[in-house]
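Colleague: Model the structure of this input:
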Amino acid sequence: MNYEMLQPAILQLAYERTLAGALTKIVGSLAQQPDTALSRIWMVENSTPCDEEPKPSDELRLVASDGRSLDPDVARYRNLDGDFKTFKIGDRKVGKIAATGDPVFLQNVGDENSWMRDPEWGAKEGIKSFAGQPLVFRGEILGVLAVFSRSILESAALETLRHFADHAASAISNARAFEEIDCLRSQLELENEYLRQEVLEAHSHGAILGESPALNKVLHQIELVAPTDSTVLIEGESGTGKELIARAIHAQSSRADGPMIKVNCASISKELFESEFFGHVKGAFTGAINDRAGRFELADGGTLFLDEVGEIPLELQGKLLRVLQEGEFERVGDETMRTVDVRIVAATNRNLKAEADAGSFRQDLYFRLSVFPVESPSLRDRPEDVPILATHFLETAAERFRITPPKLKQRHVIQLQQYEWPGNVRELQNVLERAVITSQNETLTLDLPEAAPRTRKPVSTSLPADVDDIMTYGEFWALEKRNIQTALSRSNGKVAGRGGAAELLQANPTTLASRIKRLGIEKSPQQ
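Modeller: Residues are numbered from 1 along each chain as shown. Reported below is the predicted structural model:
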């Protein structure tokens, strides 16, 4: 065995970053040695964090093979699935090398091939010598490197193979480390793909703001349910802050240190539903070029927020129900059952109970999701919170644009509170952000959408409309109460219909009735 002929291979191994490439170079360079019939590497089966299933730790597996056979079927020398693909550690020559860490050198076997598992092959190939060295890196036995030669090897060949095995073990260890890093990087990139936007959205929305009775009721419900692992269904119109409620539940739960993964169910197609929720294995379908974890796996130990849960197609709801009930699922294309510990918080702007009664949403899934329902109030049901929210949105927008926030005056607050806000808090945020952009000289200019009631009768007030002093909530509510009382007096206590207070105030009759009740206004008897 010529050490000088192996030196180019040793140099190339130092730059190899893939395990398959390193193994191929090792056995290939030995196969080019004079009279080498076969060179092989068996590796100890060690599990890594990227393995889907644990590997047996008491077994050697054939991972590389090359040689120059006298048989025309040379390709079979590179076959890794033959009779010798595995050895138990301690079994036969190869297994004993792995068990003891000691080399084995049979210098001249002559016609005695009984030590081989296949003596007929040894005789046919004219095998005269066998040399086997352990692949050791930093005291750990990685596997066994073996050479079958047609010539009688000198004792120096065993030493040459020892030096080469040391370089080979180092290259194998480095290549495995690089591949493991790449695997873990891919997993982190996958998690970041889901989590990066979640973090940005969490910080952009801020905390739940407001002091209205409707909001305080929600905050009390959050305090009650957060410490439990109960499934929560958040119902409410679009733009009311259902995701903020979900984040508050997660933050106040025992799972706060775990992830909160959001799934927008409306954005997932039927074809990709299972893959997005449960993951897939490589080759499961066209385009599945790598194994991929699903949202349930990413949320393990934390919370999975199913936004727009009512948008899940009826035919796919059964698959979701199964994992909610059993905590088990399989990746697409895989047969391994996986278990997760996930808390479910769902949200919808649809009436799921009515849809379940009508058969367009599974009743069993509805009851599973609505263990603890929470109603997210619309902005028109919490007008007391408009000044707080408006001030917050003005300040955050101005800070983002690096300008001085325009002043919010009483007339602005009245204008904002009289608008119905069909888009709720999200619409309010957009309106005020637009106002920050268009306002000049710190003078706030509101441009409410065309759908808003724009021509209300002026409210009688002893306060100047453009006064810069801020009203207290008590003063403002007293002003609103006095205004409604005036309208009721003129309508003779009539709320809805022609000539009613709602018509005079250009308000929604249902909303006005709610405010009358909230402000404790007594209606005069209708004549």
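
Colleague: And the helices in the stretch 351-500 of the chain?
Modeller: Per DSSP state H, counting those that start in this stretch, the stretch 351-500 of the chain carries helices over the ranges 352-358, 363-369, 386-401, 410-418, 424-438, 473-490.

Colleague: Would you mind listing the outside residues contacting the fifth one?
Modeller: Just to be clear, that refers to helix 424-438. For helix 424-438, contacts defined as Cβ atoms under 8 Å, 6 or more residues apart in numbering pick out 237-241, 378-379, 386, 389-390, 393-394, 397-398, 401, 403, 405-406, 416, 421, 423, 444-449. Where C-beta positions appear, they are placed from N, C-alpha and C, glycine not excepted.

Colleague: Just the buried ones from those residues?
Modeller: Restricting these to buried positions leaves 237, 239-241, 378-379, 386, 389-390, 393-394, 397-398, 405-406, 416, 421, 423, 444, 446, 448, with burial counted as 16 or more other Cβ atoms under 10 Å.

Colleague: can I assume D364 is in contact with L324?
Modeller: No: using Cβ atoms under 8 Å, D364 makes no contact with L324, being 9.8 Å away.

Colleague: Compare the two and say which is more crowded by neighbours.
Modeller: L324 (19 against 13; other Cβ atoms under 10 Å).

Colleague: Spit out the contact partners of the more buried one.
Modeller: By Cβ under 8 Å, 6+ apart, the residues touching L324 are T231, I344, L365, R368, L369.

Colleague: Show me where the stretch 201-350 of the chain has its strands.
Modeller: For the stretch 201-350 of the chain, applying DSSP state E, counting those that start in this stretch gives strands covering 232-235, 260-264, 279-280, 292-293, 303-307, 328-330, 337-339, 343-348.

Colleague: how about a markdown table for those strands, with distance to T286, mean pLDDT and mean neighbour count added?
Modeller: As requested, the strands of the stretch 201-350 of the chain are arranged in a markdown table below (distance: least, Cβ to Cβ, whole Å; pLDDT from 0 to 100; neighbours: other Cβ atoms under 10 Å):
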| stretch | distance to T286 | mean pLDDT | mean neighbour count |
| --- | --- | --- | --- |
| strand 232-235 | 36 | 96 | 24 |
| strand 260-264 | 23 | 92 | 21 |
| strand 279-280 | 11 | 86 | 24 |
| strand 292-293 | 14 | 82 | 18 |
| strand 303-307 | 27 | 95 | 25 |
| strand 328-330 | 19 | 86 | 17 |
| strand 337-339 | 23 | 87 | 13 |
| strand 343-348 | 31 | 96 | 25 |
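
Colleague: Mind checking these for the one nearest to L488?
Modeller: Across the strands of the stretch 201-350 of the chain, L488 has its closest neighbour in strand 232-235 (32.2 Å, Cβ to Cβ).

Colleague: Quick one: list the elements packing against that closest one.
Modeller: For strand 232-235, the elements it packs on are helix 242-251, strand 343-348, strand 372-375, judged by 3 or more Cβ pairs under 8 Å, 6 or more residues apart in numbering; DSSP states H and E.

Colleague: Most tightly packed of these?
Modeller: Most buried of the helices and strands packed on strand 232-235, by mean neighbour count (mean count of other Cβ atoms under 10 Å): strand 343-348, with a mean of 25.

Colleague: What angle do strand 260-264 and it make with each other?
Modeller: Interaxial angle of strand 343-348 relative to strand 260-264 (axes from the mean of the first three to the mean of the last three Cα atoms, to 10 degrees): 30 degrees.

Colleague: Can you list the strands that strand 343-348 pairs with?
Modeller: strand 232-235 (parallel), strand 303-307 (parallel) (DSSP bridges).

Colleague: can those strands go into CSV with extra columns for distance to T486?
Modeller: Shown next, in CSV, are the strands paired with strand 343-348 (distance: least, Cβ to Cβ, whole Å):
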stretch, distance to T486
strand 232-235, 36
strand 303-307, 43
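
Colleague: out of these, nearest to S170?
Modeller: strand 303-307 (43.7 Å).

Colleague: What lies in contact with that closest one?
Modeller: Here strand 303-307 makes contact (Cβ under 8 Å, 6+ apart) with 242-243, 246-247, 249-250, 253, 255, 258-266, 295-296, 342-347, 369.

Colleague: Count the neighbours of the closest residue to G236 other than its chain neighbours for me.
Modeller: Nearest residue to G236, sequence neighbours excluded (Cβ to Cβ, 6 or more residues apart in numbering): S376, at 3.0 Å. Neighbour count for S376, taken as other Cβ under 10 Å: 23.

Colleague: Run a quick check on S376 versus I234, I expect a contact.
Modeller: Yes: between S376 and I234 a contact is recorded at 5.7 Å, counting by Cβ under 8 Å.

Colleague: Could you pull out the residues contacting both of the two?
Modeller: Listed as contacting both S376 and I234 by Cβ under 8 Å, 6+ apart are K242, I245, A347.

Colleague: what sits against the last one?
Modeller: Taking Cβ under 8 Å, 6+ apart as the contact definition, A347 lies against 233-236, 242-243, 245-246, 305-309, 376.

Colleague: show me where the stretch 51-200 of the chain has helices.
Modeller: Using DSSP H, counting those that start in this stretch, helices in the stretch 51-200 of the chain cover 92-100, 119-125, 155-205.

Colleague: For these, give me a markdown table that also has mean neighbour count.
Modeller: As requested, those are arranged in a markdown table below (neighbours: other Cβ atoms under 10 Å):
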| stretch | mean neighbour count |
| --- | --- |
| helix 92-100 | 19 |
| helix 119-125 | 15 |
| helix 155-205 | 16 |
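
Colleague: Surely W42 is in a strand?
Modeller: Yes: counting by DSSP: H, G, I helix; E, B strand; the rest coil, W42 is located in a strand.

Colleague: So what's the residue count around it?
Modeller: Quick note: W42 (other Cβ under 10 Å) scores 28 neighbours.

Colleague: Let the chain start at 36 from now.
Modeller: Will do, 36 is the new start, and the previous item becomes W77.

Colleague: Go through stretch 58-75 and flag the buried ones.
Modeller: Using 16+ other Cβ under 10 Å as the test for burial, stretch 58-75 gives 58-62, 64-66, 68, 71-75.
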